[in-house]
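Peer 1: Sequence unavailable; structure follows:
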C-alpha cells in the first residue's frame, strides 16, 4: 500500500509542463504503471511526441486546451479522458488562461521526459 499527496511530490520540469510522479516503481510498490499529475501553464504548447513502448491515459482535472492525436485535434476540458497507444504521435496544448491540469497514467512505466529526448534527437 502507498499513500501520497500531490503537494508532497517535487515536480519534474519538462518542455512546456511540470510532471509530478505520484506512484511508480521508483516510488512505491507499483510494477506495471506510473501515475502522475501534469500542469501546463497558460499558452503552453510542448509539441508532438510519442511513447514507443507505453500506453498512456490522460484525464483532465481542470483548465482547457486541446490534444492533437495523429491528424485529429480534440478539445480538452474537465471530465475528458484520452487513451493513446504506443507509437501514436500526440501533443497537448493549453489554449486557456489558467493552468491545464491532467492526470497521466503510463503502462508499462515511462521514464519522465524520455519521449521528449527521443523527439529532440530525431530532428
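Peer 2: Done, it's in. What you see is a predicted model; the values in this text were computed from it and never measured.
Peer 1: Residue 97 versus the residue positioned nearest the centre of the chain, what's the distance?
Peer 2: Residue closest to the average C-alpha location in the chain (Cα atoms, centre = their mean): residue 104, at 4.8 Å. The gap separating residue 104 from residue 97 is 22 Å, by Cβ to Cβ, to the nearest Å. C-beta coordinates here come from the backbone N, C-alpha and C atoms, glycine included.
Peer 1: go on, residue 50?
Peer 2: According to Cβ to Cβ, residue 50 and residue 97 sit 29 Å apart.
Peer 1: Equivalent analysis for residue 8, please.
Peer 2: As defined by Cβ to Cβ, residue 8 lies at a distance of 28 Å from residue 97.
Peer 1: Check residue 29 too.
Peer 2: Applying Cβ to Cβ, the value for residue 29 to residue 97 is 39 Å.
Peer 1: Chain neighbours aside, what residue packs nearest to residue 90?
Peer 2: Computed as Cβ to Cβ, 6 or more residues apart in numbering, the closest residue to residue 90 that is not its neighbour in sequence is residue 69, at 4.5 Å.
Peer 1: again, but for residue 56
Peer 2: For residue 56, the nearest residue in space outside its immediate sequence neighbours is residue 84; the separation is 4.9 Å by Cβ to Cβ, 6+ apart.
Peer 1: my guess is that neighbour meets residue 54, correct?
Peer 2: No - the pair residue 84 and residue 54 does not pass the contact test of Cβ atoms under 8 Å, sitting 9.0 Å apart.
Peer 1: Pairing partners for the host helix or strand of residue 20, with directions?
Peer 2: Here residue 20, judged by DSSP states H and E, is contained in strand 17-23. Sheet pairing here is set by DSSP bridges, and for strand 17-23 it gives strand 12-14 (antiparallel), strand 34-40 (antiparallel).
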